[in-house]
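*Asks:* this one's sequence-less:
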């Protein structure tokens, strides 16, 4: 395993980025075809927010701040999935595509949860320097 030099090296970021790209390439065009512009805007914002929050949290250089932003990212990840569910409920995307969204969501969610567990554990074991 190589050293983490940037948020782009985080596996959580990479999996969530893959999820965002999947949404943009496969779901967004179908929503736009149906002229559901408000849903398109909502799903775009939610999907972007996932990786934006991971990047911002990493840039805080503090475990607890990073955890909080990852928590926001996890919320946006769930929100993006919910928008895809709405799209399926409204017959904008087929059920098979929703299954693919869920298949892309699962590894992103799992690795993000693992990264958050690492951050929580690390934050609780770090003792402030009293110098």
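*Replies:* Everything's here; your move. All values derive from a computational prediction rather than experimental measurement.

*Asks:* Pull out the buried residues from the longest helix belonging to the chain.
*Replies:* What stands out as the longest helix in the chain, according to DSSP state H, is helix 95-125. Of the residues in helix 95-125, 97-98, 100-101, 104-105, 108-109, 111-112, 115-116, 119 count as buried by neighbour count, 16 or more other Cβ atoms under 10 Å. Bear in mind the C-beta positions are built from the backbone N, C-alpha and C, glycine included.

*Asks:* As CSV, these with pLDDT would be great.
*Replies:* Listed next are the buried residues of helix 95-125 as CSV, based on pLDDT from 0 to 100:
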residue, pLDDT
97, 98
98, 98
100, 98
101, 98
104, 97
105, 98
108, 98
109, 98
111, 98
112, 98
115, 96
116, 97
119, 94
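
*Asks:* Give the rounded mean pLDDT of stretch 122-131.
*Replies:* On average, the pLDDT along stretch 122-131 is 61.

*Asks:* Ok, stretch 3-15 next?
*Replies:* Rounded mean pLDDT across stretch 3-15 is 95.

*Asks:* Could you measure from residue 24 over to residue 46?
*Replies:* 12 Å (Cβ to Cβ, to the nearest Å).

*Asks:* Looking only at neighbour counts, state which of those two leads.
*Replies:* Between residue 24 and residue 46, counting by other Cβ atoms under 10 Å, residue 46 is the more crowded of the two (21 against 14).

*Asks:* Next up, the contacts around that one.
*Replies:* By Cβ atoms under 8 Å, 6 or more residues apart in numbering, residue 46 lies in contact with 76, 79, 80, 83.

*Asks:* What is the nearest of those residues to residue 63?
*Replies:* residue 76 (20.3 Å; Cβ to Cβ).
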